[in-house]
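S.K.: Here's a sequence, model it:
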Amino acid sequence: MKTSSSKRFLSTVAAAAAILGLNLAAAPAARAAAPQVKTQAPGYYRLMLGDIEVTALSDGSVVLPMDKLLTGAKPEQIQQALKNAYLDGQVETSVNGYLINTGSKLVLIDTGAAALFGPTLGRLAANLRAAGYQPEQVDEVYITHLHSDHAGGLVADGKPAFPNAVVRIDKREADHWLSAEKMAQAPEAARGGFKAAQSLLKPYQDAGRLKPFDGATELVPGVRALPSYGHTPGHTVYMVESKGQKMAVWGDLMHVAAVQFPDPTVTISFDTDSASAMPQRQQAYADAAKNGYLVAVAHISFPGLGRLRADGKGGYVWVPLNYSSKP
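M.R.: Predicted structure coming up:
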């Protein structure tokens, strides 16, 4: 038997339901589980460097056996460094490019791998469009070096992927990879790199839009090429500067942050000349830490932007750029 208080409670609930248009007798509709989407957001991140707009562009990521590729250190040292970063030997490596809008020129530094390294890469062009630009708008493309994960995106379906752009690259880099003599002298396993570089540059050569430079050169106001030879014969860093703010685009001065920042003497088997690449790496890390400028790194987790701080033990700590929801 219901008490008067319970009757009053039920009548209050019924009145409230009537006001809200609810049918208490109706059972809630069954809902199917939402399907998992399993995609990432478009891979771009934007910031202002003085008056210059910088947009980091993700080409994707690829898994590489870095414990086998890194050189100049004992295997147990490399394994421990990876373990400290909660990584195993199979490191998922980002591939990043950087779009520089100076206000008068639109410059792309490195183009990603396109389809040359499998389906998890090749997204830079789509992310460029997602960021609000079109490949046809790019005025100049600067290549840090001609390894395919940095230059593979130069070409799409055999044609220039950036049809109105001039391609700039250090003369030593172009001379090396375009040389039939050097390709003939190279080990058989290395000749594929020469063939790839030649096919990527050919459409721009044929159009008269491949324009090498010689060493340290201001390419456009606010962007300067700085030689860092070693990883490849003409490997180049690009320094972007506006209103006293600086950003160095490093190319392949770093491959595995967990290992090479604590110990910059660690090299990689991809180096053309590791004996030259190592001091270039050490010098770049020391200068970035001393002067506190921003660094853009191709193979650090996207967007690959941050600064270095000396750890007092001969190594460095990577300090990622603080996220901002506005450029």
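
S.K.: From here on, just use CA atoms for contacts and neighbour counts.
M.R.: Noted.

S.K.: The chain: helices as residue ranges?
M.R.: Secondary structure of the chain by DSSP state H: the helices cover 4-20, 66-69, 75-84, 124-130, 148-151, 171-177, 180-185, 191-206, 257-260, 274-291.

S.K.: Got phi/psi on the closest residue to residue 277 other than its chain neighbours?
M.R.: Closest residue in space to residue 277, ignoring its immediate chain neighbours: residue 230 at 4.0 Å, by CA to CA, 6 or more residues apart in numbering. Torsion angles at residue 230 (phi, psi; degrees, to the nearest 10) stand at phi 150, psi -60.

S.K.: quick one: contacts for residue 230?
M.R.: Shown in contact with residue 230 (CA atoms under 8 Å, 6 or more residues apart in numbering): 271-278, 280.

S.K.: partner residues bridging the residue nearest the centre of the chain?
M.R.: Closest to where the C-alpha atoms of the chain average out (CA atoms, centre = their mean) is residue 96, at 1.4 Å. Per DSSP bridges, the residues bridged to residue 96 are residue 58.

S.K.: what residues are up against it?
M.R.: 56-60, 110, 112, 124, 297-299, 302-304.

S.K.: can you pick the most crowded of the contacts of residue 230?
M.R.: Counting neighbours by other CA atoms under 10 Å, residue 277 leads those with 24 neighbours.

S.K.: Endpoint to endpoint, stretch 73-90 covers what distance?
M.R.: End-to-end distance for stretch 73-90: 17 Å, by CA to CA, to the nearest Å.

S.K.: Would you mark the buried spots in that stretch?
M.R.: 78-79, 81-82, 88-89 (16 or more other CA atoms under 10 Å).

S.K.: With distance to residue 157 and mean pLDDT as added columns, please give the helices of the chain in JSON lines.
M.R.: Output for the helices of the chain, formatted as JSON lines (distance: least, CA to CA, whole Å; pLDDT from 0 to 100):
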{"stretch": "helix 4-20", "distance to residue 157": "60", "mean pLDDT": "55"}
{"stretch": "helix 66-69", "distance to residue 157": "31", "mean pLDDT": "93"}
{"stretch": "helix 75-84", "distance to residue 157": "38", "mean pLDDT": "95"}
{"stretch": "helix 124-130", "distance to residue 157": "13", "mean pLDDT": "98"}
{"stretch": "helix 148-151", "distance to residue 157": "14", "mean pLDDT": "97"}
{"stretch": "helix 171-177", "distance to residue 157": "21", "mean pLDDT": "98"}
{"stretch": "helix 180-185", "distance to residue 157": "24", "mean pLDDT": "94"}
{"stretch": "helix 191-206", "distance to residue 157": "11", "mean pLDDT": "96"}
{"stretch": "helix 257-260", "distance to residue 157": "34", "mean pLDDT": "96"}
{"stretch": "helix 274-291", "distance to residue 157": "34", "mean pLDDT": "97"}
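
S.K.: Mind checking the ones you listed for the one nearest to residue 38?
M.R.: helix 124-130 (17.3 Å; CA to CA).

S.K.: how about the closest one as PDB, C-alpha atoms only?
M.R.: Output of helix 124-130 as PDB, limited to C-alpha atoms (Å, rounded to 0.1, in the frame of the first residue of the first chain):
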ATOM      1  CA  LEU A 124      52.400  16.000 -46.900                       C
ATOM      2  CA  ALA A 125      50.500  17.300 -50.000                       C
ATOM      3  CA  ALA A 126      47.100  16.500 -48.500                       C
ATOM      4  CA  ASN A 127      48.100  18.200 -45.200                       C
ATOM      5  CA  LEU A 128      49.400  21.200 -47.100                       C
ATOM      6  CA  ARG A 129      45.900  21.500 -48.600                       C
ATOM      7  CA  ALA A 130      44.200  21.000 -45.300                       C
END
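
S.K.: Return the set of buried residues in that helix.
M.R.: Along helix 124-130, these residues count as buried under the neighbour rule (16+ other CA under 10 Å): 124-128.

S.K.: how distant is that helix from the center of its chain?
M.R.: Computed by CA atoms, centre = their mean, to the nearest Å, the chain-centroid distance of helix 124-130 equals 13 Å.

S.K.: Show me what that helix is packed against.
M.R.: If contacts are counted by 3 or more CA pairs under 8 Å, 6 or more residues apart in numbering; DSSP states H and E, helix 124-130 sits against strand 44-49, strand 52-65.

S.K.: Of the ones you listed, which is nearest residue 175?
M.R.: Shortest distance between residue 175 and those, using CA to CA, is found for strand 52-65: 26.8 Å.
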